[in-house]
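Undergrad: I would like the atomic coordinates for the input below:
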Amino acid sequence: MVDTTAGDMRTLRVNRRLTFVRWVRRTHGWFGLWGALLGLMMGFSGVWLNHRATLKLQLPSQQQINAQLALPDPAPATAEAMAAWLQGALKADRPAYNMRVERSRPVPWNGPDGGQRLTQPERWTFNFGGPNHVMQVEYWAGNKSVSVRTTSNGVVATLTNLHKGTSMPVPWILLIDTLAGSLIFLSISGAILWWETNRRRGLGLAIFGLSVATTVGLALWPIQQ
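TA: Take a look at the predicted model:
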């Protein structure tokens, strides 16, 4: 008499495994399609950012203009009021994406035996614009003007700013978060697909272990110097 129960259970397990592998492969493809354009942009700009310090690469087509902008009389009394006035004066299409206030404090080179203590006035800084065009404004409390540095970026500089999220709104940051989540899923699903469809698992585990050891070693190397 043939025991069909064990055979049926084995067939059921195989079918479930095949169904799971098909689902992982299909979802892996859709996630890859979602992040294809963003991944290409991040990869290109990431290579540039990764090598610019070592190879001393300069961002091409980047132009800077320094200017002084006279303040109204009376000058805005708060940083928020200054930001609102600057948006109109600079004809910025959006509010400042970064505003920083540094309180007044004694100057660092004025030691305890330096006689009368000197105090550095309060400093306000503002950033306007987008990834392709940035206006950085600096104001020292008591001055009658602000300094404005305008930077016009080329294609590569714009891509690097998009990579870093410089001057980008919250929706863009959330979009990049979806790319990061996609990369996590693609890594996990890729490992699952390899494990389920490749029989040379010993070699694969050796390659994975070598990759982990190399990554950890290179990451810890500058820390231990």
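Undergrad: so how far is Trp30 from Leu37?
TA: For Leu37, the distance to Trp30 (C-beta to C-beta, to the nearest Å) stands at 14 Å. Quick note: C-beta positions are derived from backbone N, CA and C, even for glycine.
Undergrad: also Leu220?
TA: The spacing between Leu220 and Trp30, counted by C-beta to C-beta, is 36 Å.
Undergrad: ok, and the closest non-adjacent residue to the residue nearest the centre of the chain?
TA: Central residue of the chain (C-alpha atoms, centre = their mean): Lys164, 3.0 Å from the mean position. Distances taken as C-beta to C-beta, 6 or more residues apart in numbering place Leu49 nearest to Lys164, at 7.8 Å, with adjacent residues excluded.
Undergrad: which intervals of the chain have sub-threshold pLDDT?
TA: 1-4, 6-7, 53-62, 108-117, 222-225 (pLDDT under 70).
Undergrad: and the helices in it?
TA: Counting by DSSP state H, the chain has these helices, from start to end: 4-34, 36-51, 79-89, 155-164, 170-197, 201-224.
Undergrad: of all these, which lies closest to Arg149?
TA: Proximity to Arg149 (C-beta to C-beta) singles out helix 79-89 among the helices of the chain, at 13.0 Å.
Undergrad: tell me how far that closest one is from the chain's mean position?
TA: How far helix 79-89 lies from its chain's middle: 27 Å, per C-alpha atoms, centre = their mean, to the nearest Å.
Undergrad: for that helix, name the packing helices and strands.
TA: Applying 3 or more C-beta pairs under 8 Å, 6 or more residues apart in numbering; DSSP states H and E, we find helix 79-89 packed against strand 98-102, strand 123-130.
Undergrad: in CSV: these, plus distance to Arg199 and mean neighbour count.
TA: Listed next are these as CSV, based on distance: least, C-beta to C-beta, whole Å; neighbours: other C-beta atoms under 10 Å:
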stretch, distance to Arg199, mean neighbour count
strand 98-102, 54, 14
strand 123-130, 51, 20
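Undergrad: distance to Gly209 added to those strands, as a markdown table?
TA: Output for the helices and strands packed on helix 79-89, formatted as a markdown table (distance: least, C-beta to C-beta, whole Å):
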| stretch | distance to Gly209 |
| --- | --- |
| strand 98-102 | 43 |
| strand 123-130 | 44 |
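Undergrad: now Tyr139: how far from Pro72?
TA: From Tyr139 to Pro72 the distance is 13 Å (C-beta to C-beta).
Undergrad: between the two, who's got more neighbours?
TA: Between Tyr139 and Pro72, counted using other C-beta atoms under 10 Å, the more crowded position is Tyr139 (24 against 9).
Undergrad: pretty sure that one sits against Val146.
TA: Yes. Between Tyr139 and Val146 there is a contact under C-beta atoms under 8 Å: 4.4 Å.
Undergrad: what about Met82, distance to Asn50?
TA: Distance of Met82 to Asn50, given as C-beta to C-beta: 37 Å.
Undergrad: tell me which of these two has more neighbours.
TA: Per other C-beta under 10 Å, whichever of Met82 and Asn50 has more neighbours is Met82, with 22 against 11.
Undergrad: OK, contacts around the nearest residue to Met135 once chain neighbours are set aside?
TA: Spatially, and ignoring its direct neighbours in sequence, Met135 is nearest to Phe128 (4.4 Å; C-beta to C-beta, 6+ apart). Going by C-beta atoms under 8 Å, 6 or more residues apart in numbering, Phe128 touches 86-87, 90, 92, 94-97, 134-135, 137.
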